[in-house]
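Participant: model the following, please.
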Amino acid sequence: MTAGPVVDYQVTDRVATIALDRPEHGNAMTLRLCSELVDAIDRAEADDEVATVVLTGRGRNFCVGADLDEGFHHGDREPSPEHAAFVERFGAADGVPRDAGGVVTLRMASMLKPIVVAVNGAAVGGGASMILPADVRVVGESTRVGFVYARRGMLIESAASWFLPRLVGTARATEWVVTGRLLSADEVVAGGLAGRVMADAEVLDTAYAIASEIAERASTVGVSLSKQLLWSMWAAPSPWDAHLLESRGVYELPGLGDVGEGVAAFLEKRDPAFPLRVPRDYPAYGPRWPGVSRP
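Facilitator: Residues are numbered from 1 along each chain as shown. Below you'll find the model as predicted:
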């Protein structure tokens, strides 16, 4: 077992870096890594001086999926102490332990602050699913993404059956999943998961540039509300649901400081210095999707 942390956390200029730190194992997912990743997201969200997050993997690959050496917890097998501790912390769903990858992706989705993921090298299995709830995905020439579950005898997991078709469409998602083939960076971009293919050496720098632009030039409260609305309105039955929440924000936000500062900065041709912070100033009416527990 690795002696130190397997997820590294640092903050510079209001951008938190969360790095999967098992490079010798391709940043393969273990229960410990998943638990530490949730801890890091919690930490970034709770820090008023963090505006955005860059998620990356140390070494050649972003994440090669589950660490098969750790094994699986299933009905015919006594749970290991690590599995028991994970279930104790994150609970069960319908009487079975929650999928560790889904614990991570649901926490990413509920994160109030935007996550920019730098996808270096391979992102397969749970690693491929992990990039889906990120808000921006940056890929490089050597990036390969694969939903390889069926090739390992498994079904799709990490709530990817919910995220993937909403991001790329049901037909494309189905083809990617049932073949389980590795997708090139060009195909990832063509499918709409990323904007363009970067040179490998530029992937992390591009992710930081995007995160820094958000941190320096955008209202954290405005960004958080907009991010949560964009995710949560996928499940809304009508555009009226969006209209009602947006109307409340349009009515209340101008009195809280950021709107006045944004307008003044625009008129004075200077960079804004927005006073509001998240979570401190996140409004009570703001959505928190998909929540921390099953509805």
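Participant: where along the stretch 151-295 of the chain do the helices fall?
Facilitator: Per DSSP state H, counting those that start in this stretch, the stretch 151-295 of the chain carries helices over the ranges 160-168, 170-179, 185-190, 203-217, 220-232, 239-252, 258-267.
Participant: of those, which is nearest V138?
Facilitator: V138 lies closest, by Cβ to Cβ, to one member of these: helix 203-217, at 4.7 Å. Any C-beta I mention is one placed from the backbone N, CA and C, and that applies to glycine too.
Participant: quick one: contacts of that closest one?
Facilitator: The contact list for helix 203-217, computed with Cβ atoms under 8 Å, 6 or more residues apart in numbering, reads 13-15, 51-54, 56, 114, 116-120, 136, 138-140, 143, 198, 223, 271-272.
Participant: now, these that are in helices?
Facilitator: Mapping those onto helices (DSSP state H) picks out V223.
Participant: find the nearest non-adjacent residue to R248, please.
Facilitator: Y285 (5.2 Å; Cβ to Cβ, 6 or more residues apart in numbering).
Participant: still on that earlier bit, could you export the helices of the stretch 151-295 of the chain as CSV, including mean neighbour count, mean pLDDT and distance to E70?
Facilitator: Putting the helices of the stretch 151-295 of the chain into CSV (neighbours: other Cβ atoms under 10 Å; pLDDT from 0 to 100; distance: least, Cβ to Cβ, whole Å) gives the following:
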stretch, mean neighbour count, mean pLDDT, distance to E70
helix 160-168, 19, 97, 20
helix 170-179, 15, 98, 23
helix 185-190, 17, 98, 28
helix 203-217, 19, 98, 28
helix 220-232, 20, 96, 30
helix 239-252, 13, 96, 41
helix 258-267, 14, 96, 45
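Participant: what's the closest of these to T30?
Facilitator: Nearest of those to T30, taken as Cβ to Cβ: helix 160-168 at 18.8 Å.
Participant: the closest one packs against which elements?
Facilitator: Here helix 160-168 touches helix 100-110, helix 126-130, helix 170-179, going by 3 or more Cβ pairs under 8 Å, 6 or more residues apart in numbering; DSSP states H and E.
Participant: what's the domain layout of this protein?
Facilitator: Domain ranges of the chain: 7-214, 219-295, per automatic domain parsing.
Participant: give me the distance between the two termini of stretch 266-278.
Facilitator: 22 Å (Cα to Cα, to the nearest Å).
Participant: buried set for it?
Facilitator: Neighbour counts over stretch 266-278 (16 or more other Cβ atoms under 10 Å) mark P272, F274, L276, R277, V278 as buried.
Participant: now render those as TSV, adding distance to P239 and pLDDT.
Facilitator: Putting the buried residues of stretch 266-278 into TSV (distance: Cβ to Cβ, whole Å; pLDDT from 0 to 100) gives the following:
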residue	distance to P239	pLDDT
P272	30	95
F274	28	97
L276	27	97
R277	30	98
V278	26	98
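Participant: test my guess that N27 contacts R60.
Facilitator: No - assessed by Cβ atoms under 8 Å, N27 is found out of contact with R60, at 9.4 Å.
Participant: and these two? Which one has more around it.
Facilitator: Neighbour count, other Cβ atoms under 10 Å: between N27 and R60, N27 has more, with 31 against 14.
Participant: look at the more buried one and tell me its secondary structure.
Facilitator: coil (DSSP: H, G, I helix; E, B strand; the rest coil).
Participant: distance check, it against G95.
Facilitator: Distance from N27 to G95, counting by Cβ to Cβ, to the nearest Å: 31 Å.
Participant: now do the contacts for P254.
Facilitator: Neighbour list for P254: G260 [criterion: Cβ under 8 Å, 6+ apart].
Participant: repeat for the one 10 residues further on
Facilitator: With contacts taken as Cβ under 8 Å, 6+ apart, A264 has the following neighbours: P272.
Participant: same deal with D67?
Facilitator: Applying Cβ under 8 Å, 6+ apart, the residues contacting D67 are H25, A28, M29, T30, L33.
Participant: again, only this time at 6 Å
Facilitator: Residues counted as contacts of D67 (Cβ atoms under 6 Å, 6 or more residues apart in numbering) are A28, T30.
Participant: right, I'll call it a day here.
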